[in-house]
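K.L.:
turn this into a structure:
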Amino acid sequence: MRRALAVLMAASTLIAGTATAAQATGKGSRYVKVGYFTQWGIYGRAFPVKKLDTSGAAGKLTHVNYAFGNVSPDGRCYVDGGPGEGDPWADYQRPVPAEESVDGVADTWGEPLNGNFGQLQKLKAKYPHLKVLISLGGWSWSTYFSDAALTDASRKAFVSSCIDLYLKGNLPNPDGSAGGPGSLAGVFDGIDLDWEWPGSAGDVDTVYRPEDKRNFTALVTEFRRQLDALGRQSRKHYQLTAFLPASPATIDAGYEVREVMRKLDFATVQGYDFHGTWEATANQQSALRVPAGSPDNPDFSIENTINAWLQRGAPRSKLVVGIPYYGRGWTGVTGGRNGLFGTSTGAAPATYEAGYEDYKVLKTLPDAGFTVHRDLRAGTAWLYDGTTFWTYDDPKVVLRKTAYIRAQGLAGAMVWSLDGDDDNATLTRTISFGLR
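P.N.:
Purely as a prediction, here's the structure:
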C-alpha cells in the first residue's frame, strides 16, 4: 500500500505534461468525467465558457453540466423568471465580446443565440466528443420539483416543457433579439435531474412530500420515455442523468434505487459537504474514508456513500463520484489533530461566502503561513495556520480518489464546479490522468 501511494503521489507531478492524443480529445477512456459549469460564474469569478478551452479542461472532460435550469411554480421548465428566478441575459441574450469568445469572434445584438448557450455551441464545435447537459434544479431551484412530479399529467407537461425549451431549443424571444424557435437546438445532449431532495427537506422553501419517492421514479420514467421518442425522430440518444445524495436517510426517503437506475445513463453522487460551518467542529468535507478519531459515528465519506448506493441495488457501472473544487473553512480553531476535529468560533473569511473558498485560492495559502496536512488512508487533506482550518481536495487527494474509482469499477468522476479550478485546469487534468 505504501508503495502504491508513493507511485500515485509521484505521478501527480506529471499531470501538467504532454497528454496523449486520446487524453487530449477525451476519447480512449471508458470513464465519464463530468464538470458543472455555473451560469453565474461569468460574473464575480470571471469564468466564461472560453476558459474551458484555454485552460485545457474541455479536452479532458466527457460532459459539461450547465447549472441550472429552473422549475416554475406551475411545473414547467423556464428561463425568464424575475430577479433571482432566472438569468436569460447570462444564458443566451448577452453579446459575448471577442476576448471572451471561444472562437475569438464577438457576438452581435440580434443573433439568435448569444450568452453562455452560444459559447457552449462554439465549444462543442471545437470539441465534438463533448456532451452538454442541462441540469435542472439545484439547491435553490428545486422548490417546485415535487409539484411538477405529483401527477401523471403534471409529469407529462413538465417533461414536455423541458424538452421543448432545451432540446428542441424553443427559447423565449420577448424583445425580438436573441432566442426564438429552434435557436437552442443541438446545444444540449440531454438532461441532468438535480432535485434536492425527493422526500426530504432541502432549501428553506422547497416543497417535499412522502410520495416524492414513487413520483421521482415516475418522473425519471417519463423523461426517459419522451427523450427516447425525440431520439427516434432525430436518430440520437439523449442522455438522462441525476445528482444523488450522500445521506442514507435521504436515499431511503426519496429513491426506488433499482427502478431509477435502470432509466439513467449514469448518476453523479454527492462526494462533498459532509461537514461544514453549520457545525462548530472543524471537520473533513469530502474524505474518501472516515478519518481515524472522527467524533461522528457513523460519519460520512465517499466510501460509505458509494456502499450505501450499492447496498440498495445501484450498479457500480453507473455511479460517478462527486469531487469538490472548493473547500470548507472554520476560524478560531483550537484542539483536535492539527486543527482537524478542533472547536471553532465560526466560518473562515473567504472571497464570496464565509466558510467556502475555491481551490484556486486555497492552493496559494501555503505561501501565506498555512501548513498542508494529509491523511493518505482517509484520502483527505487540510490547511491549518494555528487558527484557521480549510478542508479541501488538492491534486494528490484527487488522484487518490481516481484510484478508488478504478479499483471499485465505478463509472467516473464529477466535479462541482469548474470555476473553482486554476487557470491551468490542474484538478481536471488530474482527473483525466487518473481515469485515462
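
K.L.:
quick one, helices of the stretch 51-200 of the chain?
P.N.:
Taking DSSP state H, counting those that start in this stretch as the test, the helices found in the stretch 51-200 of the chain are 88, 115-126, 145-148, 152-162.

K.L.:
same deal with the stretch 251-400 of the chain?
P.N.:
Taking DSSP H, counting those that start in this stretch as the criterion, the stretch 251-400 of the chain carries its helices at 257-263, 302-311, 359-362, 395-408.

K.L.:
mean pLDDT added to these, as a markdown table?
P.N.:
Formatted as a markdown table, the helices of the stretch 251-400 of the chain follow (pLDDT from 0 to 100):
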| stretch | mean pLDDT |
| --- | --- |
| helix 257-263 | 98 |
| helix 302-311 | 98 |
| helix 359-362 | 98 |
| helix 395-408 | 98 |
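
K.L.:
of those, which is nearest residue 37?
P.N.:
helix 359-362 (15.5 Å; CB to CB). Bear in mind the C-beta positions are built from the backbone N, C-alpha and C, glycine included.

K.L.:
alpha carbons of the closest one, in PDB - could you do that?
P.N.:
Only the C-alpha atoms of helix 359-362 are listed here, as PDB (Å, rounded to 0.1, in the frame of the first residue of the first chain):
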ATOM      1  CA  TYR A 359      -9.400  25.600  -4.800                       C
ATOM      2  CA  LYS A 360      -7.500  28.200  -6.900                       C
ATOM      3  CA  VAL A 361      -7.400  30.400  -3.800                       C
ATOM      4  CA  LEU A 362      -6.700  27.700  -1.300                       C
END
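
K.L.:
what helices and strands are in contact with that helix?
P.N.:
The contact analysis (3 or more CB pairs under 8 Å, 6 or more residues apart in numbering; DSSP states H and E) places helix 359-362 against strand 326-331, strand 389-392.

K.L.:
JSON lines for those, including mean neighbour count, distance to residue 372 and mean pLDDT?
P.N.:
JSON lines is the format used below for these (neighbours: other CB atoms under 10 Å; distance: least, CB to CB, whole Å; pLDDT from 0 to 100):
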{"stretch": "strand 326-331", "mean neighbour count": "27", "distance to residue 372": "12", "mean pLDDT": "98"}
{"stretch": "strand 389-392", "mean neighbour count": "28", "distance to residue 372": "10", "mean pLDDT": "98"}
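
K.L.:
so which of the ones you listed comes closest to residue 65?
P.N.:
strand 326-331 (16.2 Å).

K.L.:
residues in contact with that closest one?
P.N.:
Residues outside strand 326-331 that contact it (CB atoms under 8 Å, 6 or more residues apart in numbering) are 273, 275-277, 282, 285, 342, 344-350, 355-359, 362, 383, 387-393, 416-417, 420.

K.L.:
that strand: partners in the sheet, and parallel or antiparallel?
P.N.:
When pairing is defined by DSSP bridges, strand 326-331 lines up against strand 346-347 (antiparallel), strand 356-358 (antiparallel), strand 389-392 (antiparallel).

K.L.:
closest one to residue 175 among the ones you listed?
P.N.:
Nearest to residue 175, of those and by CB to CB, is strand 356-358 at 34.6 Å.

K.L.:
so for the closest one, what gets flagged as buried?
P.N.:
For strand 356-358, the neighbour count (16 or more other CB atoms under 10 Å) marks 356, 357, 358 as buried.

K.L.:
kindly report the same for stretch 141-155.
P.N.:
For stretch 141-155, by 16+ other CB under 10 Å, it's 141, 142, 143, 144, 145, 146, 147, 148, 149, 150, 154, 155.

K.L.:
check contacts around the last one.
P.N.:
The contact partners of residue 155, taken as CB under 8 Å, 6+ apart, are 148, 149, 215, 218, 219, 222.

K.L.:
so which helix or strand takes in the last one?
P.N.:
The one in question is residue 222. Per DSSP states H and E: residue 222 is located in helix 212-234.

K.L.:
closest one of the buried residues of strand 356-358 to residue 59?
P.N.:
Distance to residue 59 across the buried residues of strand 356-358 (CB to CB) is lowest for residue 358, with 21.6 Å.

K.L.:
nearest to residue 180 among the buried residues of strand 356-358?
P.N.:
Distances from residue 180 to these, taken by CB to CB, are shortest for residue 358, at 36.1 Å.

K.L.:
what about the closest one, distance to residue 45?
P.N.:
Applying CB to CB, to the nearest Å, the value for residue 358 to residue 45 is 7 Å.

K.L.:
swap in residue 404?
P.N.:
29 Å.

K.L.:
related to what we said a few turns ago, export the helices of the stretch 251-400 of the chain as CSV, with columns for mean neighbour count and distance to residue 434.
P.N.:
As requested, those are exported to CSV (neighbours: other CB atoms under 10 Å; distance: least, CB to CB, whole Å):
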stretch, mean neighbour count, distance to residue 434
helix 257-263, 18, 25
helix 302-311, 19, 14
helix 359-362, 20, 16
helix 395-408, 21, 3
